[in-house]
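1. give the three-dimensional model of this entry:
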Amino acid sequence: MRNEECGMKNNFSFRIPRFTLMNFLQKLRNPQPATRIHHSAFRIPHFPLALLTLLAYGLLLPFTGFYWDDLPFVWIARFLGPREFIPAFAPFRPFLAPVFYFTTSLVPPTPLAWQIFALIVRFLVGASAWWTFKQIWQDERRALIGALLILVFPGYSQHWVAFTHINQELIPFIFYILSFGFTFKALQTRQTAHVVIALLLQICGVFPTEYFFGLEGLRFLFLLSFFRRNFLKTLKTWLPHLLVWALNAAWLIYYYKFGAYHSYEVTATQSPTVLYFLQEALDTLAKVGFYIWIQILPLTFASLPAPASLLTLGLVALSFVFIQFQVLGFKFQVSNPQLPITNYLVIGVIGILLGRLPSLAAGLPLTLQSSYDRFMVSMMIGGTIFIIGLVEILFKNQKTQSAVFALLIALGVGQQFFNANIFRRDWEKQREIYWQMAWRIPALKPNTIIFTHQMPIDYETDMSFTAPINWIYAINFTKGNLPYLMLYTEKRLGGSTLPTLAPNMPLRFPYRTVTFHGNTSQAITIYMPKNGCLRVLDPKHGDAEIYANQPAVLTQAIPLSDVSRIIANPATPASAEMFFAEPKHDWCYYFAKAELAQQQNDYPKVVALGNEAVALGYQPEDQNEWLVFIEAYALTDDIQTAKKLSISALKEDPRIKRGMCIVWKRVQSQSKAATTKMTEEMKCGK
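-> Have a look, this model is predicted:
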């Protein structure tokens, strides 16, 4: 096929212009030349892509950090080095190891560096989509719209889990997108080199992760449309890619069934009912084809007039104006006859369902605004093509179409900003947890298990927290047994990891390439309420009774809590400065230090800390936190202050009566004459 038959000019080239601060400012002063698409020399519309990348993902970038699997991965990179990812991924997607090795060799293990890297990769996703759609459709307008929709695709909220998802999903995704583009570039140039590049990119896209296994069907559909439904020509062109796909399928079958894979199991095929697959297909199409594009509206309207919601809606309006008048307000040239718009709908629907196949086979849900929406990455192309076809069918006037597309893209920008704020709050909560832990536990004996039922945070698990805990308390770790392990009893109790909470039960837990060896009696139990401070629970202070209203999976672990494993006065106290500067000393600082002093029976210090906190105007959110100070005042003969605090705390929250009675009874056992009246007044015997 000659270049002229494809409507292509010989000077078509793939160039990403340099993007500097100076030309950025120039574009701001005179945006029209940057946003205009020149047909004579194909250039990525870098200014609108870059600006929308910044608006969607960059505004809160300095306030975001590491989440979920980021934390174990960054711990490996920091303490064991990039080479450790080779054995670390051997049981879990071994072809991902080179991606992690390469990126961690370039990017330092700091939150800001990885969030900036994620921003660059996001821009490259949009740029790759633009180039690929331009090769496939030969339609500048649709190519740009498709690229912008993929750039801000609102169903995928996991961008800020940067260390994990940039490596695991977005980099292979770029390879796959470009593979499609080079397939069509080869048809235009008839150069074998472009076929080889397309095949190599396909391999780099499909082998690292099973997420994109279904995407290969899209290449066949694109080719079928290109060849005007000539099946033989389509099959001939697609055959090399089909062979790579078959090889990947054989690899996955072997690895899942007979190899070393130790992650998700293929479960959907264990209950192959037609109704199940139909329900899942309809649910997927409803979410990806329709709801995700407008989901930011119910999310923001439900929380109005919260500042975050108002800012989000304001950003949507600003983005709409920019896209409508500075990006889509130009005339675009079409150098190839447009395909029937119904093709877009059909390809879009099939592409969405093909993208859902891997997660559906693993029996995993497709829930929005959760870590499970990471599976949306394999549905981005199908979802984008579907919405393009739907809008162009519903609205025939191109100006109206442009307005609708501008609105959808703007809503996507707002959705991603909304998501960024969620991750900002999560990172702030992590700061509270790590610093309160460092204040309360200055050092910890090795081989200690930290039990809790759960933490009041969305994106981190016990395995996530295990990494920063080891970073905090084993700063000089190099290689060997993992010193510390956090376990959520809510998830682990009754399983192979933690069959029971019986004392002196040996526990071995592999953590990628290192292993924790411990014992259930070498443990502390912590609790952090949603509103309140982190605390170490101590059976000697009646905490099993005080917190009896908490889930049994927490209270059952309290008898195992051995606070003597906490080293109160180490030479070098723990610090969370690897991620955060130490925050201002608020109530939780004084509470943590008071609880530590109580552990050492240093009640005058507890009193001094309480007096200082009150003098500074600090108060607890959780009234149970007064109990440490009430006991200290009573045991240092300041009964009147202890009584006043007790009466005030009970008035604020009567639910703490059980804990209050336990404290006064313990005080009474040491100073009976002075405290009998108080236990009677509180009716502690009833």
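
2. taking the centroid of this structure, which residue is nearest it?
-> residue 161 (3.7 Å; Cα atoms, centre = their mean).

3. and the residue nearest to that one when sequence neighbours are not counted, how many neighbours?
-> Leaving aside its chain neighbours, residue 161 sits nearest to residue 67 (4.7 Å; criterion: Cβ to Cβ, 6 or more residues apart in numbering). (C-beta placed from N, C-alpha, C; glycine too.) Residue 67: 25 surrounding residues under other Cβ atoms under 10 Å.

4. what are the boundaries of the helices in the stretch 301-450 of the chain?
-> For the stretch 301-450 of the chain, the helices defined by DSSP state H, counting those that start in this stretch occupy 307-322, 341-361, 380-394, 398-440.

5. by how many degrees do the first one and helix 398-440 diverge?
-> Using axes from the mean of the first three to the mean of the last three Cα atoms, to 10 degrees, the inter-axis angle of helix 307-322 relative to helix 398-440 is 150 degrees.

6. now swap in the shortest one and tell me
-> Computed by the same axes, to 10 degrees, the angle separating helix 380-394 from helix 398-440 equals 150 degrees.

7. one more: the second one?
-> Between helix 341-361 and helix 398-440, the angle formed by their directions is 20 degrees, by the same axes, to 10 degrees.

8. tell me the mean pLDDT over helix 341-361?
-> Taken as a whole, helix 341-361 has an average pLDDT of 91.

9. in that helix, what's buried?
-> 343-345, 347-361 (16 or more other Cβ atoms under 10 Å).

10. need the contact list for the residue nearest to the centre of the chain.
-> By Cβ atoms under 8 Å, 6 or more residues apart in numbering, the contact set of residue 161 is 67, 68, 69, 70, 371, 374, 423, 459.

11. what about 7 Å?
-> For residue 161, the contact set (Cβ atoms under 7 Å, 6 or more residues apart in numbering) comprises 67, 68, 70.

12. can you give me the domain assignment for the chain?
-> The chain breaks down into these domains under automatic domain parsing: 3-16+52-321+332-424, 441-583, 585-686.

13. so can I have CSV of these showing distance to residue 46?
-> Listed next are the domains of the chain as CSV, based on distance: least, Cβ to Cβ, whole Å:
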stretch, distance to residue 46
domain 3-16+52-321+332-424, 7
domain 441-583, 32
domain 585-686, 45
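
14. which one of the ones you listed lies nearest to residue 431?
-> Among the domains of the chain, the nearest to residue 431 by Cβ to Cβ is domain 441-583 (4.5 Å).

15. so how far does the closest one reach from one end to the other?
-> One end of domain 441-583 sits 17 Å from the other (Cα to Cα, to the nearest Å).

16. could you number the chain from 824 rather than 1 from now on?
-> Noted, 824 is the first residue going forward, which turns the last one into domain 1264-1406.

17. immediately after the least confident helix or strand in the chain by mean pLDDT, which helix or strand?
-> Lowest on mean pLDDT, DSSP states H and E among the helices and strands of the chain sits helix 855-858, with a mean of 40. As assigned by DSSP states H and E, the chain's next helix or strand after helix 855-858 is helix 869-876.

18. other SSEs contacting that next one?
-> Applying 3 or more Cβ pairs under 7 Å, 6 or more residues apart in numbering; DSSP states H and E, we find helix 869-876 packed against helix 855-858, helix 934-960, helix 963-974.

19. by contact count, what packs against the second one?
-> Counting by 3+ Cβ pairs under 7 Å, 6+ apart, the packing neighbours recorded for helix 934-960 are helix 869-876, helix 963-974, helix 985-988, helix 994-1012.

20. also the last one?
-> When contacts are defined as 3+ Cβ pairs under 7 Å, 6+ apart, helix 963-974 sits against helix 869-876, helix 934-960, helix 1203-1217, helix 1221-1263.

21. the second one: how far from the chain's middle?
-> Right, the one you point to is helix 934-960. Relative to the chain's own centre, helix 934-960 is displaced by 18 Å; criterion: Cα atoms, centre = their mean, to the nearest Å.

22. list the buried ones in it?
-> 934, 937-942, 944-960.

23. follow-up on the earlier one: tell me which of the domains of the chain sits nearest to residue 1258.
-> Minimum separation from residue 1258 across the domains of the chain (Cβ to Cβ) falls at domain 1264-1406, 4.9 Å.

24. what about the strands in the stretch 1224-1373 of the chain?
-> 1266-1267, 1271-1275, 1307-1311, 1329-1334, 1337-1342, 1346-1350, 1358-1360 (DSSP state E, counting those that start in this stretch).

25. adding mean pLDDT and distance to residue 1425, write those strands out as a markdown table.
-> A markdown table is the format used below for the strands of the stretch 1224-1373 of the chain (pLDDT from 0 to 100; distance: least, Cβ to Cβ, whole Å):
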| stretch | mean pLDDT | distance to residue 1425 |
| --- | --- | --- |
| strand 1266-1267 | 97 | 17 |
| strand 1271-1275 | 97 | 23 |
| strand 1307-1311 | 97 | 26 |
| strand 1329-1334 | 94 | 33 |
| strand 1337-1342 | 95 | 29 |
| strand 1346-1350 | 97 | 19 |
| strand 1358-1360 | 96 | 15 |
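
26. circling back: and among the helices and strands packed on helix 934-960, the most buried is which?
-> Ranked by mean neighbour count, those are led by helix 985-988 with a mean of 26 (mean count of other Cβ atoms under 10 Å).

27. could you list the residues in contact with that helix?
-> So helix 985-988 is in contact with 889, 891-893, 896-897, 937-938, 940-941, 981-982, 1197, going by Cβ under 7 Å, 6+ apart.

28. rerun that using 8 Å as the cut-off
-> 889-893, 896-897, 937-938, 940-941, 981-982, 1197, 1200.

29. low-confidence ranges in the stretch 1324-1473 of the chain?
-> For the stretch 1324-1473 of the chain, no stretch has pLDDT under 70.

30. now swap in the chain and tell me
-> Across the chain, the ranges flagged by pLDDT under 70 are 824-867, 1081-1095, 1152-1163, 1494-1499, 1508-1509.

31. leaving out the residues flanking it, which one is nearest to residue 1028?
-> Nearest residue to residue 1028, sequence neighbours excluded (Cβ to Cβ, 6+ apart): residue 999, at 3.1 Å.

32. my bad, should have said residue 885
-> residue 935 (6.6 Å).

33. for residue 884, see how far away that neighbour is.
-> 8 Å (Cβ to Cβ, to the nearest Å).

34. and for residue 970?
-> Residue 970 is 21 Å from residue 884, by Cβ to Cβ.

35. got JSON lines for the helices and strands packed on helix 963-974, with distance to residue 1492 too?
-> Below are the helices and strands packed on helix 963-974 laid out as JSON lines (distance: least, Cβ to Cβ, whole Å):
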{"stretch": "helix 869-876", "distance to residue 1492": "65"}
{"stretch": "helix 934-960", "distance to residue 1492": "49"}
{"stretch": "helix 1203-1217", "distance to residue 1492": "65"}
{"stretch": "helix 1221-1263", "distance to residue 1492": "26"}
